[in-house]
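Participant: Quick check, what structure comes out for this input:
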Amino acid sequence: MRSAVVVVCAAGCVVLGSGCEPSGGSGSAGSSQNSGKSQPQSLLGRSVQTAKDLRTDIEGRDLATGAMAGISSGDGVVDAGSIIIPIPSDWTQEEPSNSMRLAQFAAGDGEVLITVSRAGGTVDDNLDRWSMQVLDGGEPVYPEMDTFTAAGKEVTVAEYVGDYTTGGGMMGGQQTTYSGYSLVGAVIDTGPTKVFVKMTGPTSLVDDERATFDNVLHGIQEK
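Facilitator: Residues are numbered from 1 along each chain as shown. You can find the predicted model right below:
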């Protein structure tokens, strides 16, 4: 008997053709299961409608892939509650140095630190906290700001350049100040609990990692 053949090309298009299919005997299992009128089947045993659904699924995955431009398919991710954050392969994963961090990475020959964490408070509360970590002449640095939307979430990015102090406060430990440092922090507004991606290190090395950092933020996805 004649049957329709459906071929789904790599671009997602559907090509219809015709082919031959041997008919089974009247006593075969196939005849008993497909008595009555059956839908045309493709070479994969899918109906025309299933092939169209497959095309739609391919198109959706292509759009998701485009949102992760700059992050290769072989890289890892961080599960951060309601979102997933892509991580490039040239960021080296480390053991988080405190319990507040979901993940910790090193870049720039180990001199650049990237952390992912979650905490409460408003966006401004957290930007002010970062301002107190980077000083210029003993005064908090006013950051360069950028805001955009990724995965339906508002992302606020602030960059501070000056003398960076780490340790002390809630984090404990001895305070250490580094001159000529940059802090680039992103607050992802996921509701009452925010997600933070923070990068610190010598300004020249942080600048080298900035494009990758931005690609990570634009590549976040909803779970």
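Participant: How is the chain partitioned into domains?
Facilitator: 2-66, 76-222 (automatic domain parsing).
Participant: Share the number of residues neighbouring N98, please.
Facilitator: 12 (other Cβ atoms under 10 Å). Every C-beta, even on glycine, is put in place using the N, C-alpha and C of the backbone.
Participant: weakest of the domains of the chain by average pLDDT?
Facilitator: Note on the domains of the chain: domain 2-66 shows the lowest mean pLDDT, a mean of 44.
Participant: Do a quick rundown of the helices in this protein.
Facilitator: Remark: helices assigned in the chain by DSSP state H are 29-33, 48-66, 123-131, 203-218.
Participant: This protein: strands as residue ranges?
Facilitator: 2-8, 14-20, 76-80, 83-87, 92-94, 101-107, 112-119, 134-136, 139-140, 144-150, 153-168, 172-188, 194-202, 221-222 (DSSP state E).
Participant: List the buried residues of the third one.
Facilitator: By neighbour count, with 16 or more other Cβ atoms under 10 Å as the criterion, the buried positions of strand 76-80 are 77-78, 80.
Participant: So which elements touch that strand?
Facilitator: Here strand 76-80 touches strand 83-87, strand 101-107, strand 112-119, going by 3 or more Cβ pairs under 8 Å, 6 or more residues apart in numbering; DSSP states H and E.
Participant: Could you figure out how far that strand is turned away from helix 203-218?
Facilitator: Here the directions of strand 76-80 and helix 203-218 differ by 70 degrees (axes from the mean of the first three to the mean of the last three Cα atoms, to 10 degrees).
Participant: partners of strand 76-80, with directions?
Facilitator: Pairing partners of strand 76-80, with direction, according to DSSP bridges: strand 83-87 (antiparallel).
Participant: okay, the angle between the strand it pairs with and strand 101-107?
Facilitator: 20 degrees.
Participant: which residues are contacting strand 83-87?
Facilitator: 68, 71, 75-78, 93, 103, 105, 116, 151, 153, 188, 190, 195, 197, 216, 219-223 (Cβ atoms under 8 Å, 6 or more residues apart in numbering).
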